[in-house]
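**Student:** The following block contains a protein sequence and its predicted model.
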Amino acid sequence: MGRLVTTGRSMRCGQLYVLPREARGDRKCIKTSKKIQRDKLETASSAKDSKKLWAQMNLITQYKKERHSAVSEDSSLPDRLNEFYARFDLENTSTPVPLPCDNHDPPYVVTEQETRRALARLDVNKAAGPDKIEPRLLKTCSNQLASIPTFIFN
């Protein structure tokens, strides 16, 4: 940066006064610095290194995110939270009465033939389930296995 003076022939730069000849040198220095920073940004961008890219951008902008602490200085916060959540326990302490069911349809019964048909339609190219039983095995043995799932479903 140039020499700071307060003479009449100096140019005003904010609240500081800089000699004109040295101001030209400062402009050249700023231009060079901008080129260096641009090159660093382009290098980080072309290398696909997002961490370096954001670090460079934060360096240029000098952006500092405000840090919010989870710890509160307010000592009454735990009491207020406790009071807020305790109100849910105080109100409705009785258990709800179950509503009568108007639906008197007979329960759905799965037949062994429906189970056999469902097992025969399995796609053998699918992966095994959490029980590690291959669909190919279930499809092949559908006649022998149909009674077991039918019993479980009913």
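**Tutor:** Perfect, thanks for sending it.
**Student:** Figure out the helix or strand that Lys51 lives in.
**Tutor:** Applying DSSP states H and E as the criterion places Lys51 in helix 50-61.
**Student:** Can you give me the buried ones in that helix?
**Tutor:** 53, 56 (16 or more other C-beta atoms under 10 Å). Placement of C-beta: from N, CA and C, glycine included.
**Student:** and that helix, what's its mean pLDDT?
**Tutor:** What helix 50-61 shows for mean pLDDT is 80.
**Student:** Equivalent analysis for stretch 125-142, please.
**Tutor:** Regarding stretch 125-142, the rounded mean pLDDT is 87.
**Student:** related to what we said a few turns ago, summarise which helices and strands the helix holding Lys51 is packed against.
**Tutor:** Contact here means 3 or more C-beta pairs under 8 Å, 6 or more residues apart in numbering; DSSP states H and E; on that basis helix 50-61 packs against helix 20-46.
**Student:** The helix it packs on vs helix 50-61, what angle?
**Tutor:** On the basis of axes from the mean of the first three to the mean of the last three C-alpha atoms, to 10 degrees, helix 20-46 is oriented at 160 degrees to helix 50-61.
**Student:** Figure out how far helix 20-46 is from the centre of its chain.
**Tutor:** In terms of C-alpha atoms, centre = their mean, to the nearest Å, the centre of helix 20-46 is found 37 Å from the chain centre.
**Student:** Which secondary structure elements does it sit against?
**Tutor:** strand 11-13, helix 50-61.
**Student:** Output the next helix or strand after the helix holding Lys51 as PDB, restricted to C-alpha atoms.
**Tutor:** Next in sequence after helix 50-61, counting helices and strands by DSSP H and E, comes helix 77-90. Taking Å, rounded to 0.1, in the frame of the first residue of the first chain, the C-alpha atoms of helix 77-90 are listed here in PDB:
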ATOM      1  CA  LEU A  77     -35.000 -22.900  29.500                       C
ATOM      2  CA  PRO A  78     -35.100 -26.400  31.000                       C
ATOM      3  CA  ASP A  79     -37.900 -25.300  33.400                       C
ATOM      4  CA  ARG A  80     -39.900 -23.900  30.500                       C
ATOM      5  CA  LEU A  81     -39.400 -27.000  28.300                       C
ATOM      6  CA  ASN A  82     -40.400 -29.200  31.200                       C
ATOM      7  CA  GLU A  83     -43.500 -27.100  31.800                       C
ATOM      8  CA  PHE A  84     -44.400 -27.200  28.100                       C
ATOM      9  CA  TYR A  85     -44.100 -31.000  27.800                       C
ATOM     10  CA  ALA A  86     -45.600 -31.800  31.200                       C
ATOM     11  CA  ARG A  87     -48.900 -30.300  30.100                       C
ATOM     12  CA  PHE A  88     -49.500 -33.100  27.700                       C
ATOM     13  CA  ASP A  89     -49.400 -35.600  30.600                       C
ATOM     14  CA  LEU A  90     -51.700 -33.700  32.800                       C
END
